[in-house]
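Asks: this one's structure only:
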């Protein structure tokens, strides 16, 4: 195995990611039903397989067309024909906003990034929703504590209380190792931290001088001060590997992972949270950090890692292949971030534009596995930490051990999924890492407009996941008065497929059939989980009608059916100028 020094690396000339997912024609390609990727300038219209430019001239009047996507509160207003004025957030360009206000006589209250707040009547809302210039309208609703929004939007709050036929779960007794910048004493964490080891200094205290680890830990398992995390009954193991500037050494992260493996029985460590990463500079088969993550998985620990915050360039163009290590490891659960827009309803959720997309550099592994809330998350602030001192405007509540800070990034989304994994293991302690991975994926729900390499299997639904391992089929759940439908999509390595093929749930039942199974780089449609060498195509993506069909044949060309799309909006990750630091916390992405 090639070795590499543990010193800081110069990575401006990053290895060129060329997935090359298709090498030969595949006989199973059929017509598409839905796009694989949807970029800002290219939209695929399914009915006629036409390509429509978003930048095409807009209509000057409301036309007979499909309505803009509306948040549920606004959809209810239209259904109820309420005429009373209400404030709405209209997504549109600055020029379009001016024309819309004039066109419909709406009161323009203020401009925001990507749109504006308008006061509209019921009739004006109806007209706006039919205007071709308007892709989305949301209610300008009151903002609540973001962790409260997160636990509600993922259904975790319902999992705590339980439903008829099964007990509530809080992650009680499940150990979650937080490999990060440390954990500071905080009222939200109380007695949750049961062990602390500092890998940054021989006599280190494990205290969080940067402020990232405390925030992440609180998202996973806070249980006090009125801000509960995803798994308020979980035990937290503080493994500090990042310094006061939020950076650290790969070797320290490896040591922390190996320590967690060695002490997994002592502290019942079932989950490792890695809200950190470094650029993909080599295959996951050779990267020592990826190998350490795999060792933990092989030892029965669920490893959850951040996808990274490299989803777009400085000028806003989408980046493909920006997944960071160890999130490029196939068996690791890699997490991207969504923007909940500050509401618990899921219908207005969108991908966070900064969230890294797959496939991974060098190996071309399909990532991320799923996405979760990561935008403007309010959780515990480490008193006196770098982040709290440098960005006081982000400290939104309290002071000292009662202070809370708002941060954004896939780091936060990763912690949300780690908490959800603790809930699953509380519900069924015998679940393996592969089984946790497939349950989290098949119960996630897809986001409109997002592609496989953006959202993976979809947006986390902790409630549906707990219900599934509790014996309820992966069917619809109700969150914030909305019906949420699972994606029934999962992907994992061939080795994991052999383990997961007979995933047990309650009373000897199995995971329901009728979903897409992805094995490595291969997607196979089946009514059940099956493995058959006769239907697996090496380095091939075979799409079901459930997802749509698409094939990437080169880094610049996408083939949809018999149509070739040359997209100048795609930027591959080798254009990113990476930090010189090997491992970083990846925090300072404030919000979309």
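Replies: Cool, got the structure. The structure displayed is predicted, hence computed values, not measured ones.

Asks: Go ahead and confirm residue 213 touches residue 177.
Replies: No: applying CB atoms under 8 Å as the test, residue 213 and residue 177 come out as separate, 11.3 Å apart. For every residue, glycine as well, the C-beta is placed using N, CA and C.

Asks: Number of residues surrounding residue 114?
Replies: Taking other CB atoms under 10 Å as the criterion, the count of residues near residue 114 is 15.

Asks: Spit out the contact partners of it.
Replies: Neighbouring residues of residue 114 by CB atoms under 8 Å, 6 or more residues apart in numbering: residue 91.

Asks: same question, residue 156
Replies: Residue 156 is in contact with 150, 230, 231, 419, 420, 423, 462, 463, counting by CB under 8 Å, 6+ apart.

Asks: Compare residue 213 and residue 177 and say which is more crowded by neighbours.
Replies: Using other CB under 10 Å, the more surrounded residue of residue 213 and residue 177 is residue 213, with 34 against 30.

Asks: ok so, going back, by neighbours, which of the contacts of residue 156 wins?
Replies: Neighbour tally across the contacts of residue 156 (other CB under 10 Å): the maximum, 36 neighbours, falls on residue 231.

Asks: For residue 483, what is the enclosing helix or strand?
Replies: strand 482-484 (DSSP states H and E).

Asks: which residues are contacting that strand?
Replies: In this structure, residues lying in contact with strand 482-484 by CB under 8 Å, 6+ apart are 72, 155, 345, 346, 347, 445, 461, 464, 476, 477, 478.

Asks: So which of those residues is the closest to residue 92?
Replies: Distance from residue 92 was checked for each of the contacts of strand 482-484 by CB to CB. The minimum falls on residue 347, at 19.0 Å.

Asks: Without its sequence neighbours, what residue ends up closest to residue 215?
Replies: Distance criterion CB to CB, 6 or more residues apart in numbering; nearest residue to residue 215, sequence neighbours excluded, is residue 379 at 4.8 Å.

Asks: any idea whether the one you found is helix, strand or coil?
Replies: strand (DSSP: H, G, I helix; E, B strand; the rest coil).

Asks: how far away is it from residue 83?
Replies: Relative to residue 83, residue 379 is positioned 40 Å away (CB to CB, to the nearest Å).

Asks: Looking at these two, which is more packed in?
Replies: residue 379 (26 against 12).

Asks: What does residue 247 show for phi and psi?
Replies: With angles defined as degrees, to the nearest 10, residue 247 shows backbone torsions of phi -120, psi 170.

Asks: Identify all residues paired with it through a beta bridge.
Replies: The bridge-partner assignment for residue 247, based on DSSP bridges, gives residue 584.

Asks: quick one: pLDDT of it?
Replies: Residue-level confidence at residue 247 comes out at 86, pLDDT.

Asks: and it, how many neighbours?
Replies: Applying other CB under 10 Å, we find 20 residues neighbouring residue 247.

Asks: just residue 131 next, same as before
Replies: A total of 25 residues lie near residue 131 under the criterion other CB under 10 Å.

Asks: Residue 108 now?
Replies: Based on other CB under 10 Å, the number of other residues close to residue 108 is 15.

Asks: Ok, residue 76 next?
Replies: For residue 76, using other CB under 10 Å, the count is 13.

Asks: mind checking how far it is from residue 115?
Replies: According to CB to CB, residue 76 and residue 115 sit 21 Å apart.

Asks: Over to residue 391?
Replies: Per CB to CB, residue 391 is found 25 Å from residue 115.

Asks: neighbour-wise, which of those two wins?
Replies: Neighbours were counted for residue 391 and for residue 115 using other CB under 10 Å; residue 115 has more, 22 against 16.

Asks: Which residue ranges of the protein form helices?
Replies: Remark: helices assigned in the chain by DSSP state H are 72-80, 94-104, 122-129, 146-153, 156-161, 212-221, 250-262, 288-298, 386-390, 410-427, 433-442, 452-455, 462-469, 494-500.

Asks: so who does the residue lying closest to residue 115 once chain neighbours are set aside touch?
Replies: Using CB to CB, 6+ apart and skipping the chain neighbours, the partner closest in space to residue 115 is residue 91 (4.4 Å). Contact criterion CB under 8 Å, 6+ apart gives 114, 115, 134, 135, 136, 137, 138 as the residues in contact with residue 91.

Asks: same thing but at 7 Å, please
Replies: Applying CB atoms under 7 Å, 6 or more residues apart in numbering, one finds that residue 91 lies in contact with 114, 115, 134, 135, 136.

Asks: Also residue 267?
Replies: If a contact means CB under 7 Å, 6+ apart, then residue 267 has 175, 194, 195, 235, 237 as its contacts.

Asks: Name only those of the residues you listed that count as buried.
Replies: When neighbours are counted using 16 or more other CB atoms under 10 Å, the contacts of residue 267 contain these buried positions: 175, 195, 235, 237.

Asks: In a markdown table: these, plus pLDDT.
Replies: Conversion of the buried ones among the contacts of residue 267 to a markdown table gives the following (pLDDT from 0 to 100):
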| residue | pLDDT |
| --- | --- |
| 175 | 99 |
| 195 | 97 |
| 235 | 98 |
| 237 | 98 |
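
Asks: for those residues, which one is nearest residue 106?
Replies: Using CB to CB, residue 235 is the member of the buried ones among the contacts of residue 267 that lies nearest residue 106, at 52.1 Å.
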